[in-house]
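**Student:** This is the structure alone, sequence omitted:
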């Protein structure tokens, strides 16, 4: 059985993500103007800093029913506990160090946005005006704006042909940590999970 002290370094990865995420969000909230008027160009129109509050899920999507936000926040809370426990279970197995780091990054990203949802409505007063309570209704702060493309889709495309579409994700460090980690796991899943598969096969042969 592995020493539990070694597990702390993977939870430490989560802690680093949380701290960086919250520091950047506080700096944006303190020193930037909300919306386009406070936008800062980093790489022309392609990459910008843009203070945006996200009331719902990723990319501003919202669930269309009452109390949806608090349900989403509670779901994030449950997911945080589940990911944290999953990291503990994976550490007890002969799993890849890279996989454990990725899970730590995902955990940190999940907690980073959860902090916004639970506390920002009260401490930053950024909950929607019609929120029944500031707690659990806080809006997530996003700031990294990538202007990929916008325009009309070709008419020959089925269903969406001729429609206007814009691809301009606005995200934060927590989002990036989750996205990059999931992408790495998908790319390297064969090498990440080969040790577990080999261990299972060995037990069957025994």
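**Tutor:** Arrived safely, thanks for sending. Quick caveat, the model's predicted, so the values are computed rather than measured.

**Student:** Name the next helix or strand following the longest helix that the chain contains along the chain.
**Tutor:** The residue-count maximum for a helix in the chain (DSSP state H) belongs to helix 4-31. Note on helix 4-31: by DSSP states H and E, the next helix or strand toward the C-terminus is strand 40-43.

**Student:** picking that back up, what mean pLDDT does the longest helix of the chain get?
**Tutor:** Per-region confidence: helix 4-31 scores 95 on mean pLDDT.

**Student:** Distance of residue 81 relative to residue 127?
**Tutor:** Distance, residue 81 to residue 127, by CB to CB, to the nearest Å: 24 Å. Every C-beta, even on glycine, is put in place using the N, C-alpha and C of the backbone.

**Student:** Name the residue in these two with the higher neighbour count.
**Tutor:** residue 127 (22 against 11; other CB atoms under 10 Å).

**Student:** Can you tell me the SS state at the more buried one?
**Tutor:** coil (DSSP: H, G, I helix; E, B strand; the rest coil).

**Student:** My guess is it contacts residue 138. True?
**Tutor:** Yes: counting by CB atoms under 8 Å, residue 127 does reach residue 138; the two are 5.7 Å apart.

**Student:** low pLDDT regions in the protein?
**Tutor:** 1-4, 56-67, 166, 195-206 (pLDDT under 70).

**Student:** mind listing the helices for it?
**Tutor:** Per DSSP H, the chain carries helices over the ranges 4-31, 68-92, 97-115, 121-123, 173-187, 189-205.

**Student:** right, so of those, which gets closest to residue 47?
**Tutor:** helix 173-187 (12.7 Å; CB to CB).

**Student:** who touches the closest one?
**Tutor:** Under the criterion CB atoms under 8 Å, 6 or more residues apart in numbering, residues 17-18, 20-21, 24, 58, 98-99, 102-103, 105-106, 108-113, 142, 144, 171, 192 lie in contact with helix 173-187.

**Student:** Of the residues you listed, select the buried ones using a ChimeraX command.
**Tutor:** To isolate the buried subset of the contacts of helix 173-187 in ChimeraX, counting by 16 or more other CB atoms under 10 Å, use the following:
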select :17,18,20,21,24,99,102,103,105,106,108,109,110,111,112,113,142,144,171,192
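
**Student:** measure the residue minimising distance to the centre of the chain to residue 131 for me?
**Tutor:** In the chain, the residue lying closest to the centroid (CA atoms, centre = their mean) is residue 175, at 2.9 Å. Distance, residue 175 to residue 131, by CB to CB: 22 Å.

**Student:** Contact partners for the nearest residue to residue 101 once chain neighbours are set aside?
**Tutor:** Using CB to CB, 6 or more residues apart in numbering and skipping the chain neighbours, the partner closest in space to residue 101 is residue 13 (5.7 Å). Listed by CB under 8 Å, 6+ apart, the contact partners of residue 13 are 101, 104-105, 108.

**Student:** biggest separation within these, which pair?
**Tutor:** Longest span within the contacts of residue 13, CB to CB: 101 and 108, 10.5 Å.

**Student:** All set now, cheers.
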